[in-house]
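Visitor: Below are the sequence and a predicted model for it; my questions follow.
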Amino acid sequence: MSRIKRRNFIATLATGVFGLGAAGRLQAEQAVSNSGQRESSSPRIKKYNPLGKTGLKVSDVSFGAISLFETNVLRYAYDCGINYFDTAEGYLRMKGETYVGQGLKGVRDKVIITTKHPQGTPQKADKASLIKRVEDSLKRLQSDYIDIAMVHGLGDLAALLKNEEIMSGYDQLKKDGKIRFTGFSTHNAKLTLKQALDSDFPQVILFIYNHMEGKEVEPLVKAVREKGIGTVAMKIFAGGKQGNLKGMISKEISYPQAAIRWVMSNPDVDTCIPTISSYSHVEEYIAASGKPLDRAALAMISRYQQQAQNLYCRVSCTECLSACPNSVAVNDVLRYTMYFEDYGMQKEALAYYADMEPLQKPLGCASCPGYCETACPYGLKVKSRLLHSHDILTA
Amino acid sequence: MSKAARCGIALSVVVFAAFSFLLSGQSDLSLDEIFARNVQASGVRERLSQVQNISFKMGGTRCFASANGELRLVSGKDPVITEVILVKGANVRRNSLNAITEISGPQKVLYQTMAQLYAGLFSLSKFEGRLKLQGLKAYGPEKLCHLLMNSDGVEVGFFLRTDDFLLKRLVFKGLTPDGDKYEVNYDFAPFEETEGLRIPLSWFSSQVGTRGTLAEVTEVKTNQPLPEDLFDRLEVNVGTTEASAGELKGNVLDLNSSPFGLTVSTNWTKADIEKAGLRTGDKLTLLVEGAETELVFYASENEIPPREELAKGARLLMPMPRGGDNYVIQFYGVDPGQTASKLKPLAAIQIKKK
């Protein structure tokens, strides 16, 4: 009896004693295996990078778990070599962490899990609340610890550092072994990455980085990486508008693969977290692992840039924010519209928008001359987009 | 050796022999056996002979499938039908706003396969004799049984769960007419009992390179009394259009209101606009059951002025935003009042150039 057959037989015998249902499954698998057909192979992660100075090594292509169809996709990704998984307290209407916990059960000690908690309205920003929320996350994740606990969507690190309650909460959680490293995610990298250079709080940072708005933050990314902070790129598909553009898949490469290669060609980026929803996403994105930014990838990137030039709001640009006399959160509103229109996350987008302060919404924009539009360096029709955004996000 | 030890060994031998016997009967599942298990697990052996047709809704699309493998996909807000896709025999045709096209290439194979899948009530029963066993494919701890069908140069992979032999994945791989990669994946949710059937009530579909969408199935019905010619009828229900110099007659297709105004989708297409000879900036009168409203025409989205330049209460006739085939009437920030009260799907509308 071959080793594999013997092992399968022992498994079958054992399950036969403990449960006939499970035995039936193993028999079926065995029976199909015995039919003389070989098992199809899966793609593998080709490259792992150190995550700053954390001592962790992460797959170059990692897992963004903001939109999942089923939890086994997480486990498939793990089996293909992905070892870094990003979720958040609020993802999938508070169920995201639960799905991650279910999907990675049994391999928890072999993976790195990041989760994120916003600090500020409408959440209570005190020590006890933070500890309670992290403990609730641990229950949902079915884990005793979080590898990297991030402040979600941080706009200003200086303000966070002044909040002694929150800082003390994170210190306590570290002391108690409930979190290993701290950091933040940000849509305002130009400010927060600069601030991170003077703080020990961020050990890993998650920021927007893609071929449409990456160049501006590259010096800061390099600086924080040199300081030893782990760097994780998000929004790597630059709006994910490829479904509505032409020529986004060729024989050699798909647009997402080209976008991943572009991001990971920067040696200062440790990993990236494309949103993975299905088995096909796992296979498509992992195929880009360890691959160079070659001519085919660059041609694909160029096609996307040409077509999306005036469609994509560079969320980290923020030129419009200082131009708006009414403090409308222009980039956030347009980001939620992107979730709604391009990511297929309508319910989440509506919820995010509903949570915004009324003052941040474009309620008075119809009668404004449109300072944001004048300020936009990319020529986007910002004002009409804002009005359209309010239309669809309140529908 | 003690008596207890001897009993233990004897018991182990009995257990070993019993499971060896069980396994011997299962050692080699053939394609036929896998196929039979799928049909059995789907619970369709008897139901197939009883179900003449199945219909269900997926978002804004209603699907009708006959037991013979004919398929009709209908889009539009009732009673309006803006698009029909029909699969019948070797033909797959699409009528979108009265523009009829023949669907070819891998897209055609996809529609034909889905027609057969629905006809077999999500079992493999309609693919008998066309599948080859490829072995197992592991997705994490889950191993799926991989069957392959080749149809007009497109590889169609069926992946079955190994615990219940029900369909879990469907993958289409081929090349587009331009020679580019074509790959579409369907991931099915576990099958559920509904209307006496056992079918998946949601699935995630994605084309390689895109994010994909979740389809949720509702209003499942079987054996509906359907018109005999349902799978022959390609016509849409978008009213009729008449175009002459400076004048257009047509119908409302859809209405959507928001805090910023009202969008009225019409059945006028670019061809109608060209026949009427409309140019950007033309001032028009909209007539709805005797009520009149002033409009300004814009031939393309790019020509529409920034919103701050549009006076409050601006009314435009413009192309459907985001690349649709038809034109819309847009009422900005104003109560369209008397005109709106007369607007409903298929209501007759008319414009005249001033």
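Guide: Ah, there it is.
Visitor: so who does A:M356 touch?
Guide: Shown in contact with A:M356 (CB atoms under 8 Å, 6 or more residues apart in numbering or on different chains): A:A329, A:D332, A:V333. (C-beta placed from N, C-alpha, C; glycine too.)
Visitor: How much space separates B:L278 from B:P321?
Guide: B:L278 is 18 Å from B:P321, where distance means CB to CB, to the nearest Å.
Visitor: For the stretch 51-200 of chain B, which segments count as helices?
Guide: B:105-119 (DSSP state H, counting those that start in this stretch).
Visitor: The stretch 1-150 of chain A too?
Guide: Using DSSP H, counting those that start in this stretch, helices in the stretch 1-150 of chain A cover A:3-18, A:20-34, A:72-79, A:91-94, A:96-103, A:127-141.
Visitor: And chain B, is the shortest one touching that?
Guide: No: counting by CB under 8 Å from any CB of the partner chain, chain B has no neighbours in helix A:91-94; the shortest distance is 11.9 Å.
Visitor: Show residues contacting that helix.
Guide: Counting by CB under 8 Å, 6+ apart, A:A65, A:I66, A:S67, A:L68, A:E97, A:Y99, A:K347, A:E348, A:A351 sit against helix A:91-94.
Visitor: Name the residues of it that come out as buried.
Guide: Across helix A:91-94, burial judged by 16 or more other CB atoms under 10 Å in any protein chain shown covers A:Y91, A:L92.
Visitor: Rounded mean pLDDT for that helix, please.
Guide: The average pLDDT within helix A:91-94 is 85.
Visitor: Give me the distance from that helix to the chain's centre.
Guide: From the chain centre to the centre of helix A:91-94 is a distance of 13 Å (CA atoms, centre = their mean, to the nearest Å).
Visitor: what's the closest of the contacts of A:M356 to chain B?
Guide: A:V333 (14.0 Å; CB to the nearest CB).
Visitor: residues near that closest one, how many?
Guide: Using other CB atoms under 10 Å in any protein chain shown, A:V333 has 23 other residues around it.
Visitor: if I pick it, what's in contact with it?
Guide: A:Y353, A:M356, A:Q360, A:K361, A:P362, A:L386, A:S389, A:H390, A:L393.
Visitor: For the nearest residue to the third one once chain neighbours are set aside, give me its contacts.
Guide: The shortest distance from A:Q360 to any residue other than its chain neighbours is 3.9 Å, reached at A:A329 (CB to CB, 6 or more residues apart in numbering or on different chains). Taking CB under 8 Å, 6+ apart as the criterion, A:A329 is in contact with A:L321, A:M356, A:Q360, A:K361.
Visitor: quick one: contacts for the third one?
Guide: Neighbour list for A:Q360: A:S327, A:V328, A:A329, A:D332, A:V333 [criterion: CB under 8 Å, 6+ apart].
Visitor: For it, give me phi and psi.
Guide: A:Q360 adopts backbone torsions of phi -80, psi -10, taken as degrees, to the nearest 10.
Visitor: List the contacts of the residue lying closest to B:R130 once chain neighbours are set aside.
Guide: Leaving aside its sequence neighbours, B:R130 sits nearest to B:M149 (CB to CB, 6+ apart; 4.9 Å). Neighbour list for B:M149: B:T113, B:F127, B:R130, B:L131, B:K132, B:E155, B:V156, B:F158 [criterion: CB under 8 Å, 6+ apart].
Visitor: domains of chain A?
Guide: A:3-34, A:48-306, A:319-393 (automatic domain parsing).
Visitor: So which of the ones you listed is the most surrounded?
Guide: The highest mean neighbour count among the domains of chain A, using mean count of other CB atoms under 10 Å in any protein chain shown, belongs to domain A:48-306: a mean of 20.
Visitor: quick one: it to chain centroid distance?
Guide: For domain A:48-306, the distance from its own C-alpha centre to the chain's C-alpha centre is 4 Å (CA atoms, centre = their mean).
Visitor: Over to stretch A:357-368?
Guide: Worked out by CA atoms, centre = their mean, stretch A:357-368 lies 29 Å from the chain centre.
Visitor: what's the answer for stretch B:110-127, then?
Guide: Per CA atoms, centre = their mean, the displacement of stretch B:110-127 from the mean C-alpha position of its chain is 14 Å.
Visitor: Ends of that stretch, what's the gap?
Guide: Taking CA to CA, to the nearest Å, stretch B:110-127 runs 14 Å from one end to the other.
Visitor: Can you spell out the domain ranges of chain B, please?
Guide: Split by automatic domain parsing, chain B gives B:31-222, B:242-353.
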